[in-house]
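Engineer: fold the stuff below for me.
(one chain, ligands or ions: 1)
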Amino acid sequence: MSSEFTFKLLATDGKARRGEITMPRGTIRTPAFMPVGTGGTVKAMYMDQVRGVGADIILGNTYHLMLRPGAERVAKLGGLHDFARWPHPILTDSGGFQVMSLSKLRKLSEKGVTFRSHIDGAPYEMSPERSIEIQGLLDSDIQMQLDECTALPSTPKEIQRAMEMSLRWAERCKTAFGDQPGKAMFGIVQGGDIPDMRVRSAQALTGLELKGYAVGGLAVGEPQEVMLDMLDITCPELPQEKPRYLMGVGTPDDIIKSVARGIDMFDCVMPTRAGRHGLAYTRRGKVNLRNARHADDPRPLDEESDCPAARDYSRAYLHHLVRSGEALGAMLLTWNNLSYYQHLMSEIRASIEAGRFADRTTEISEGWARGDI
Ligand SMILES: N#Cc1ccc(CCNc2nc3cc4nc(N)[nH]c(=O)c4cc3[nH]2)cc1
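Structural biologist: The predicted model follows:
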């Protein structure tokens, strides 16, 4: 364990990077996938299982936790790690994105954002300083700046306004965060789908000499090609020696193509949400267990998997659970999906170390191409 937050580049293969973040609560092997634990729980999973599938870090959400159970209450109870029984690193999103996508009657100004809770309509204010304060109360290990994520498509004027305000908020968050050895605050690159806005944002954030950088404002409905083009523009402008985190991404194919462009960290609700909706990710593609064709299929999802959910249960049983709305269906498929995602990340890391990233990921994609089996 390290008392400091450090990032080490261990190997590269083209623009793909194999690295390691060390911090007091543990080591994060990159490229890393962070299971989403929005309200202090990775839905339908025990935290021991989350650790058991190979996750080094999970994501929490400032917006959800400040509304319920409340940041001060979590702090009084010893912080999010003790509260949720997850002793390893936690990264918390800052809340701006969730306010804009979930809350009601939200108003955005230089000061911050005012909004009403989507739970009970109560009024709240969130400034850059309050977002960092809440993330501190949660005892978050990696804290995200408060930013404004513009929807795509948006006008150049709108994209520039939001990008420039996010830069000012990054400076305020850096000041509010201060110097917390062993913890980190990441800036978030904005700039929509406009190359020179992306460059300006990345260069200005690099000038703040932060411990890590997220690429935000993507995975907001734009075609994958646009997202990848923005990574081609943004990553070269970020420091080689700092971790890069692509927010909200993504499918296995998104992840492979983003690692190939220099991204180190990912988070996405896809594997957990899909699991709750009866969808299983496997080495040979996706399997929709709602489909009646599985009703008599005695085969497991993947007889070679080391995850009991993939190896020990028939598709017929999983189909039955999903169609009956049994909680165990969501539990087993979430377990399978997170195991698949962590196995994918482990394969990606090993292939970069071996200088075989391009070949191995082609083999992985060909496995999916064989389609739903
Ligand atoms: N199932 C499913 C599913 C649902 C939604 C998504 C899209 C998630 N995309 C996304 N999350 C984000 C979080 C973000 N947080 C912040 N603070 N800033 C962002 O620009 C940002 C951008 C994001 N883009 C992807 C998969």
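
Engineer: got the residues of the stretch 151-300 of the chain near the ligand?
Structural biologist: When proximity is defined as C-beta under 6 Å from any ligand atom, the stretch 151-300 of the chain approaches the ligand at 188, 216-217, 219-220, 247-248, 268-270, 273. In this view, the C-beta of every residue, glycine as well, is placed from N, C-alpha and C.

Engineer: could you redo these as JSON lines and give each row pLDDT, neighbour count and secondary structure?
Structural biologist: What follows is these, written out as JSON lines (pLDDT from 0 to 100; neighbours: other C-beta atoms under 10 Å; DSSP: H, G, I helix; E, B strand; the rest coil):
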{"residue": "Ile188", "pLDDT": "98", "neighbour count": "29", "secondary structure": "strand"}
{"residue": "Gly216", "pLDDT": "98", "neighbour count": "30", "secondary structure": "coil"}
{"residue": "Gly217", "pLDDT": "98", "neighbour count": "33", "secondary structure": "coil"}
{"residue": "Ala219", "pLDDT": "98", "neighbour count": "21", "secondary structure": "coil"}
{"residue": "Val220", "pLDDT": "97", "neighbour count": "19", "secondary structure": "coil"}
{"residue": "Met247", "pLDDT": "98", "neighbour count": "25", "secondary structure": "coil"}
{"residue": "Gly248", "pLDDT": "98", "neighbour count": "22", "secondary structure": "coil"}
{"residue": "Cys268", "pLDDT": "98", "neighbour count": "23", "secondary structure": "coil"}
{"residue": "Val269", "pLDDT": "98", "neighbour count": "14", "secondary structure": "coil"}
{"residue": "Met270", "pLDDT": "98", "neighbour count": "20", "secondary structure": "helix"}
{"residue": "Arg273", "pLDDT": "98", "neighbour count": "14", "secondary structure": "helix"}
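
Engineer: for those residues, which one is nearest Pro69?
Structural biologist: When these are compared for distance to Pro69 (C-beta to C-beta), Val269 wins out at 20.7 Å.

Engineer: who's in contact with that closest one?
Structural biologist: 36, 38 (C-beta atoms under 8 Å, 6 or more residues apart in numbering).

Engineer: over to the one 10 residues further on?
Structural biologist: Leu279 makes contact with 286-289, 333, 337, according to C-beta under 8 Å, 6+ apart.

Engineer: farthest-separated two in the residues you listed?
Structural biologist: Top of the distance list for the contacts of Leu279 (C-beta to C-beta): Asn288 and Asn337, 12.6 Å.

Engineer: okay, these two: which has more neighbours?
Structural biologist: Taking other C-beta atoms under 10 Å, Asn288 and Asn337 do not tie; Asn337 has more neighbours (28 against 15).

Engineer: how about the more buried one, phi and psi?
Structural biologist: When read as degrees, to the nearest 10, the backbone of Asn337 gives phi -70, psi -40.

Engineer: pLDDT value on it, please?
Structural biologist: pLDDT, Asn337: 98.

Engineer: repeat for the one 5 residues further on
Structural biologist: As predicted, Gln342 sits at a pLDDT of 98.

Engineer: rewinding a little: Thr22: which of the contacts of Leu279 is nearest?
Structural biologist: Nearest member of these to Thr22, counting by C-beta to C-beta, is Asn337, at 27.9 Å.

Engineer: name the nearest residue to the closest one, sequence neighbours excluded.
Structural biologist: Using C-beta to C-beta, 6 or more residues apart in numbering and skipping the chain neighbours, the partner closest in space to Asn337 is Pro271 (3.7 Å).

Engineer: tell me, how many residues neighbour that neighbour?
Structural biologist: Neighbour tally, Pro271, other C-beta under 10 Å: 28.

Engineer: that one contacts Tyr281, correct?
Structural biologist: Yes: between Pro271 and Tyr281 there is a contact at 6.3 Å, judged by C-beta atoms under 8 Å.

Engineer: joint contacts of the two?
Structural biologist: Shared contacts of Pro271 and Tyr281, defined by C-beta under 8 Å, 6+ apart, are found at 337, 340-341.

Engineer: what's near enough to touch the residue lying farthest from the centre of the chain?
Structural biologist: Here the chain reaches farthest from its C-alpha mean at Asp296, the gap being 36.1 Å by C-alpha atoms, centre = their mean. The contact partners of Asp296, by C-beta under 8 Å, 6+ apart, come to Ala316.

Engineer: could you do Leu77 as well?
Structural biologist: Per C-beta under 8 Å, 6+ apart, neighbours of Leu77: Phe83.

Engineer: torsion angles phi and psi at it?
Structural biologist: Dihedral angles for Leu77 - degrees, to the nearest 10 - are phi -90, psi 10.

Engineer: use 763 as the first number from now on
Structural biologist: Right, with 763 as the first residue, what we last looked at is Leu839.

Engineer: just the pLDDT at it, thanks.
Structural biologist: For Leu839, pLDDT reads 98.

Engineer: for it, give its distance to the ligand.
Structural biologist: According to C-beta to the nearest ligand atom, to the nearest Å, Leu839 stands 25 Å off from the ligand.

Engineer: now the helices for the stretch 963-1112 of the chain?
Structural biologist: 986-996, 1014-1021, 1032-1038, 1070-1073, 1077-1086, 1089-1115 (DSSP state H, counting those that start in this stretch).

Engineer: same list, those, but as CSV with distance to Leu771 please.
Structural biologist: Shown next, in CSV, are the helices of the stretch 963-1112 of the chain (distance: least, C-beta to C-beta, whole Å):
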stretch, distance to Leu771
helix 986-996, 18
helix 1014-1021, 14
helix 1032-1038, 27
helix 1070-1073, 33
helix 1077-1086, 41
helix 1089-1115, 10
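
Engineer: Arg780 is nearest to which of the ones you listed?
Structural biologist: Closest among the helices of the stretch 963-1112 of the chain, using C-beta to C-beta: helix 1089-1115, at 4.1 Å.

Engineer: so what does the next helix or strand after the closest one touch, helix or strand wise?
Structural biologist: Going down the chain from helix 1089-1115, the next helix or strand is helix 1119-1131, by DSSP states H and E. When contacts are defined as 3 or more C-beta pairs under 8 Å, 6 or more residues apart in numbering; DSSP states H and E, helix 1119-1131 sits against helix 1014-1021, strand 1047-1050, helix 1089-1115.

Engineer: since that was my last question, I'll sign off now.
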